[in-house]
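Q: starting from these lines, generate the structure:
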Amino acid sequence: VQLVESGGGLVQPGGSLRLSCLASGFAFSRYDMTWYRQAPGKERELVAHITRAGDSTNYADSVKGRFTISRDNAKNTVYLQMNSLKPEDTAVYYCNAGTKGTLLGGYAVDYWGKGTLVSVSS
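A: Numbering: from 1, shown residues only. I've put the predicted structure just below:
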């Protein structure tokens, strides 16, 4: 089982990045997918969530209107389009796959990627 994030990097405030998370080794289409982030000295927080069919999404208030989560089950990939980036978006972004449960109640089975660093600075 692998989740491999990519697309992070250094960007100026107001810029955009698109993160990707490529899944392998499990039935991707049966898993809800979530992006989390962890800033230096802070706890990990939920950024965006998408259901297995892609028919429902949820976002942290801090990113609503700026970030968009999407998925391509044919490519085993989930994306996070990040626009109007702010310095406070600087963090390591992690991809999570979960099944047999719900986002609020927790998943019986879930997997994590190793993360990709996003730095927003002028």
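Q: next helix or strand past the least confident helix or strand in the chain by mean pLDDT?
A: Lowest on mean pLDDT, DSSP states H and E among the helices and strands of the chain sits strand 106-112, with a mean of 90. Remark: after strand 106-112, the chain's next helix or strand is strand 116-120, criterion DSSP states H and E.
Q: elements contacting that following strand?
A: strand 9-11, strand 17-24, strand 91-102 (3 or more CB pairs under 8 Å, 6 or more residues apart in numbering; DSSP states H and E). Placement of C-beta: from N, CA and C, glycine included.
Q: partners of the last one in the sheet?
A: So the one you mean is strand 91-102. Take DSSP bridges as the rule and strand 91-102 pairs in its sheet with strand 32-38 (antiparallel), strand 106-112 (antiparallel), strand 116-120 (antiparallel).
Q: next: the second one.
A: In its sheet, strand 17-24 lies beside strand 2-6 (antiparallel), strand 77-82 (antiparallel), with partners assigned from DSSP bridges.
Q: kindly format the C-alpha coordinates of the first one as PDB.
A: In PDB, the C-alpha atoms belonging to strand 2-6 read as follows (Å, rounded to 0.1, in the frame of the first residue of the first chain):
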ATOM      1  CA  GLN A   2       1.300   3.400  -1.000                       C
ATOM      2  CA  LEU A   3       0.200   7.000  -1.000                       C
ATOM      3  CA  VAL A   4       2.600   9.300  -2.700                       C
ATOM      4  CA  GLU A   5       2.100  13.000  -2.600                       C
ATOM      5  CA  SER A   6       3.700  15.400  -5.100                       C
END
